[in-house]
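Enquirer: Quick one, structure for this:
(one chain, ligands or ions: 3)
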Amino acid sequence: MDHPLIQHKLTIIRDKNCGTKEFREVVNEIAELMVYDVSRDFALEDVVVETPMGKTTQKTLAGKKIAIIPILRAGLGMVDGILELLPAAKVGHIGMYRDETTFQPTEYFVKMPEDIASRDLLVVDPMLATGGSAIMAVDALKKRGAKTIKFVCLVAAPEGVEALREKHPDIDIYTAALDDRLNEDGYIVPGLGDAGDRLFGTK
Ligand SMILES: O=P(O)(O)OC[C@H]1O[C@H](OP(=O)(O)OP(=O)(O)O)[C@H](O)[C@@H]1O
Ligand SMILES: O=c1cc[nH]c(=O)[nH]1
Ligand SMILES: [Mg+2]
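Expert: Numbering: from 1, shown residues only. Ligands and ions are numbered 1, 2, ... in the order given. From the prediction side, this is the model:
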């Protein structure tokens, strides 16, 4: 997504001198701006409304049922921003951490709304690196009946986009930036470092 506001804010959080408070605020702001466009294909239906001047037929969202699914921890940093625009969305959590040497993800927590099969799901995580975490999260959702899934991240590596596309070609991927590559430690370059640690001040 190349909107100037999104690009500007992404540059702010890439800076290693951006502290925890600002990092948190700006991650939420970017997520909110991204959802404006992610929701572009949401269906509308007609509704009759009475203005002070009389009756008119206008558009309203067609009873869309959404759930936001953050991949813990770092995905949590995007939830409040998205809820600003989609305040009635439900939120399901999936916990996952990546092994430092093999980069393989381990799932440690899942709590979903009961009706995810009938909801449009926005899986959110700031970083799409090898793609292992996103693939495992989508596997877990499909296993529970999910049908419509969009993946929303801030920074993606080409390797992660390719892996997620290959494993789950039915999923739309939205990213604020497609970066150069992964380094030998599995971090995105130039990236923004460890998103979870920067959001929660754990390093
Ligand atoms: O595409 P991948 O190679 O799977 O890497 C991306 C994942 O790594 C990070 O999580 P991390 O394991 O650091 O957990 P955290 O959010 O708790 O810090 C990030 O938030 C993604 O979930
Ligand atoms: O660059 C990266 C890769 C994985 N996870 C992160 O938080 N950052
Ligand atoms: Mg992390």
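
Enquirer: Which residues are in contact with the residue nearest to the spatial centre of the chain?
Expert: The C-alpha lying nearest the average C-alpha coordinate of the chain belongs to residue 124 (Cα atoms, centre = their mean; 2.3 Å). Contact analysis of residue 124 by Cβ atoms under 8 Å, 6 or more residues apart in numbering lists 31, 68, 69, 70, 71, 75, 78, 79, 82, 151, 152, 153. (Glycine included, C-beta is placed from N, CA and C.)

Enquirer: Between those residues, which sits nearest residue 133?
Expert: Nearest to residue 133 among these is residue 71, at 5.8 Å by Cβ to Cβ.

Enquirer: Okay, that closest one and residue 126: tell me how far apart.
Expert: Separation of residue 71 from residue 126 (Cβ to Cβ, to the nearest Å): 9 Å.

Enquirer: and the residue lying closest to residue 113 once chain neighbours are set aside, how many neighbours?
Expert: Using Cβ to Cβ, 6 or more residues apart in numbering and skipping residues adjacent in sequence, the residue nearest residue 113 is residue 90, 4.2 Å away. The tally of other residues near residue 90 (other Cβ atoms under 10 Å) stands at 17.

Enquirer: Which residues does residue 90 form beta bridges with?
Expert: Note on residue 90: beta-bridge partners residue 67, judged by DSSP bridges.
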